[in-house]
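Asker: I would like the atomic coordinates for the input below:
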Amino acid sequence: MNTNRYYFSDKVSKPMQFKSMELLDAWDFQSDAKSIYIEPLEGGLNNVNLVLNNGSDKWVLKIRPPDFELFGAAPESSLRAQRDAAYLGIAPKVIAIHESEWHFISEYIVGDTLRPEFTRRNDLYAEVIQTLHILHGGHCSCREFSIFDDIRLFMKGVDSANIDCPPRFRELLASAYKLENELNNTRAPKGFCHNDLVPQNFIKCADGIRLVDFDYAGVGWIAADLASATSQFEMTEDEVETFLLLYDAGLDDGQRGRLAALRFCNNIREVSYTLFAEPLLSNTTATLDDLSYTTHREFNLEQAQRACSDPAFNDKCKAATSVRQDALF
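Answerer: This is a model prediction of the structure:
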């Protein structure tokens, strides 16, 4: 192992330093480069992401935890999804892959993360919609995805580890499972979905918006992808309405109902994920200053509670089963 050409930020742990050097040597990555500087890429909740810099170019190395699939992600499928999205021009290209542990290197995307206030201030919702239209209408060679399978998986881990849940969370969880039975009887449109549309997975570049982190990508309800985006971008009711009209000019009450139901279910998914993942991953991943397991859980729990307290919530959810023939979601 040629350790002389690797230089690490103090924020990269010794085990991650060794693992990254091992991978880069095995791939013979940038073997002509005299030096490669390696530092954390902040923002991930379930992987270690490192920026590789040879002085003129950058790449991203994603190192999977050994029990990666316990968190609902499908590594091989997610790589196929990222390659499909890169072919569509909306994701970074994959450069190298570890074929058994599924670590990989991809392009480094230069741009600004679409934090909610940045997106609002720069009036970027139309560009977000344009990117999602490309994704949802594109070819996908990845798995089928269910938001409810994720919830069950995460809660199985929560219960096995005897992790305490927030007050009243079990009641909210039961409401999500009830909605599953109703939504499964609809013929809501499906497509190539990202299934983790938190703001930090959108990058605004000079020539458009790119999506990153395809760990949960799969064929699923398009409405669930839009529900995730509108929820995690902290949109007001008026902003949600504008956003949905930009996506489908024929917006109807059935679509509004699906959004309301799936926003709530996505909140439950995010809460259950953080409950399960925090004890296992919180000391290994590099989160943003304003994004931690605790803040993410509290934000989504508050949204779920607010939805249930809305007197119109049940009526909105009842409308969710109505699917217009030409509905886009």
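
Asker: what sits against the spatially most central residue of the chain?
Answerer: Nearest residue to the geometric centre of the chain (Cα atoms, centre = their mean): residue 196, 2.3 Å. By Cβ atoms under 8 Å, 6 or more residues apart in numbering, residue 196 lies in contact with 213, 215-217, 228. In short, each C-beta sits where N, CA and C put it, glycine included.

Asker: Can you give me the pLDDT of it?
Answerer: Looking at residue 196, its pLDDT is 95.

Asker: Okay, strands next: where are they in this structure?
Answerer: 6-8, 36-40, 48-53, 58-63, 94-97, 104-107, 112-113, 190-193, 202-205, 208-211, 218-221 (DSSP state E).

Asker: what's the closest of the ones you listed to residue 21?
Answerer: Checking these against residue 21 by Cβ to Cβ gives strand 6-8 as the closest, at 5.4 Å.

Asker: Which parts of the protein belong to which domain?
Answerer: Using automatic domain parsing, the domain parsing of the chain gives 3-107, 112-321.

Asker: how many neighbours does the nearest residue to residue 88 once chain neighbours are set aside have?
Answerer: In space, and not counting its chain neighbours, residue 88 is closest to residue 138: 4.6 Å by Cβ to Cβ, 6 or more residues apart in numbering. Using other Cβ atoms under 10 Å, residue 138 has 15 other residues around it.

Asker: ok, residue 47 touching residue 66?
Answerer: No. Residue 47 lies out of contact with residue 66 (Cβ atoms under 8 Å); the separation is 11.7 Å.

Asker: Give me the more crowded residue out of the two.
Answerer: residue 47 (22 against 7).

Asker: ok, that one - contacts?
Answerer: Residue 47 is in contact with 62-65, 68, 215, 285, counting by Cβ under 8 Å, 6+ apart.

Asker: Neighbour-wise, which one of these leads?
Answerer: The residue in those with the most neighbours, by other Cβ under 10 Å, is residue 215 (25 neighbours).

Asker: For it, give me phi and psi.
Answerer: Main-chain torsions, residue 215, degrees, to the nearest 10: phi -60, psi -30.

Asker: Hmm, it is touching residue 76, no?
Answerer: No. Using Cβ under 8 Å as the test, residue 215 is too far from residue 76 to be in contact (11.3 Å).

Asker: pLDDT below threshold where in the stretch 151-300 of the chain?
Answerer: For the stretch 151-300 of the chain, the stretches with pLDDT under 70 are 283-291.

Asker: Helices of the stretch 1-150 of the chain, start to end?
Answerer: 14-27, 75-87, 116-121, 125-136, 147-160 (DSSP state H, counting those that start in this stretch).

Asker: ok so, going back, ok, the residue nearest to residue 88 to residue 86 distance?
Answerer: Taking Cβ to Cβ, to the nearest Å as the measure, residue 138 falls 11 Å from residue 86.

Asker: same question, residue 233
Answerer: 24 Å.

Asker: Residue 228 too?
Answerer: 21 Å.

Asker: between the two, who's got more neighbours?
Answerer: residue 228 (26 against 18).

Asker: thought that one was touching residue 266?
Answerer: Yes. The criterion here is Cβ under 8 Å, and residue 228 meets it with residue 266 at 4.9 Å.

Asker: contacts for stretch 220-227?
Answerer: Residues from elsewhere that reach stretch 220-227 (Cβ under 8 Å, 6+ apart): 132, 135-136, 144-147, 183, 188-191, 193-195, 197, 243-244, 247, 255, 258-259, 262-263, 265-266, 328-329.

Asker: same thing with stretch 230-241?
Answerer: Stretch 230-241 is contacted from outside by 114, 116, 119-120, 125, 197-199, 243-244, 251, 259, 263, 266-267, 300, 303, using Cβ under 8 Å, 6+ apart.

Asker: For PyMOL, write the selection for the buried entries among those residues.
Answerer: Per 16 or more other Cβ atoms under 10 Å, the buried members of the contacts of stretch 230-241 correspond to this PyMOL selection:
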select buried, resi 114+119+120+125+197+198+199+243+244+251+259+263+266+267+300+303
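
Asker: ok, back up a step: just the contacts of residue 196 now: which is nearest residue 72?
Answerer: Lowest distance from residue 72 to these (Cβ to Cβ) belongs to residue 216, with 6.7 Å.

Asker: which residues does the closest residue to the closest one other than its chain neighbours contact?
Answerer: Distances taken as Cβ to Cβ, 6+ apart put residue 195 closest to residue 216, at 4.0 Å, once the chain neighbours are dropped. Contacts for residue 195 (Cβ under 8 Å, 6+ apart) come out as 145, 147, 216-218, 220, 224-225, 228.

Asker: Rebuild those residues as TSV, extending it with distance to residue 26.
Answerer: TSV is the format used below for the contacts of residue 195 (distance: Cβ to Cβ, whole Å):
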residue	distance to residue 26
145	31
147	36
216	27
217	26
218	29
220	34
224	37
225	35
228	35
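
Asker: For PyMOL, what selects the buried ones among the residues you listed?
Answerer: In PyMOL, this line selects whichever of those come out buried by 16+ other Cβ under 10 Å:
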select buried, resi 145+147+216+217+218+220+224+225+228
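
Asker: in the stretch 1-150 of the chain, which segments are predicted with low confidence?
Answerer: By pLDDT under 70, the weakly predicted segments of the stretch 1-150 of the chain are 1-2, 43-45.
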